[in-house]
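Colleague: Fold the following, please.
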Amino acid sequence: MTSTARLAPRALYEEVAERLRQLIFSQQLAPGDWIDELRIAEELGISRTPLREALKVLAAEGLVTMKVRRGAYVTEVSEQDVADVYHLLALLEADATAAVADTADAAQLRELAALHAELADAVADQERFFALNERFHLRLLELAGNRWRAQMVADLRKVMKLNRHASLFRHGRIKQSLAEHEAIMRALNHRDAAAASAAVRAHFASGLQAAAPARPD
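Modeller: Residues are numbered from 1 along each chain as shown. Sure, this is the predicted structure:
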């Protein structure tokens, strides 16, 4: 693990959890890696108590797996795990996008269009594209309302990030993803809830296909 700035003694376990999330999402702690509590606590300048509380939070989110007498490991997601996550995201986000098509005002649609334009400008920058892609999806959730749905999606997306380098970064996937976003925006601008929902489901189906491991011919 690379060197990390030390935390202030007053830091809460939530801050520790966020530091660990970023290490996991950046692959500095990769799926299957054992989490060395002593070393991390020393690097962050904290005791093991807030670290262990942080690990409990990450375990509840599905990012960390606790193994009896062996400690904490970054979760490894199976093909079935990925399929299950994409299935639920498709259901929840398709429903939210249909709601936005029905209820969004002109200013909100312009905001989504601006986010989409930023996404189009970021096709050459994988990391920026990924961040903007997530912002677009989460903003749709916010506009749709229903905080319970939004929280479920946020948690599922954390798990999806464990597999992101195998999906969105696959050759050609970014341009394909952008085209799918364009279909979503067209449906939203036409206030077509059914088409918006279908476009989101197609977007996730395509993402799942890209996330699947390559198979020999």
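Colleague: which helix of this structure spans the most residues?
Modeller: Taking DSSP state H as the criterion, the chain has its longest helix at helix 79-103.
Colleague: Can you give me the buried ones in the helix or strand just after it?
Modeller: The helix or strand immediately downstream of helix 79-103 is helix 106-121, counting by DSSP states H and E. Across helix 106-121, burial judged by 16 or more other CB atoms under 10 Å covers 108-109, 112, 115-116, 119. For glycine as for every other residue, the C-beta is placed from the backbone atoms N, C-alpha and C.
Colleague: which strands and helices sit next to the next helix or strand after helix 106-121?
Modeller: Downstream of helix 106-121, the next assigned helix or strand under DSSP H and E is helix 126-144. On a contact count with 3 or more CB pairs under 8 Å, 6 or more residues apart in numbering; DSSP states H and E, helix 126-144 meets helix 79-103, helix 106-121, helix 147-160, helix 173-189.
Colleague: I'd like the next helix or strand past the last one.
Modeller: So that's helix 173-189. Next helix or strand after helix 173-189 toward the C-terminus (DSSP H and E): helix 193-211.
Colleague: Alpha carbons of that next one, as CSV, please.
Modeller: The C-alpha trace of helix 193-211 is given here as CSV (Å, rounded to 0.1, in the frame of the first residue of the first chain):
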residue,chain,number,x,y,z
ALA,A,193,-41.0,7.5,-19.3
ALA,A,194,-41.3,4.1,-20.9
ALA,A,195,-38.4,4.8,-23.4
ALA,A,196,-36.3,6.3,-20.6
SER,A,197,-36.8,3.1,-18.5
ALA,A,198,-36.0,0.9,-21.4
ALA,A,199,-32.8,2.9,-22.2
VAL,A,200,-31.5,2.5,-18.7
ARG,A,201,-32.2,-1.2,-18.7
ALA,A,202,-30.4,-1.6,-22.0
HIS,A,203,-27.5,0.5,-20.6
PHE,A,204,-27.1,-1.9,-17.7
ALA,A,205,-27.5,-5.0,-19.8
SER,A,206,-24.7,-3.7,-22.0
GLY,A,207,-22.6,-2.9,-19.0
LEU,A,208,-23.1,-6.4,-17.6
GLN,A,209,-22.0,-7.9,-20.9
ALA,A,210,-18.8,-5.8,-20.8
ALA,A,211,-18.2,-6.8,-17.2
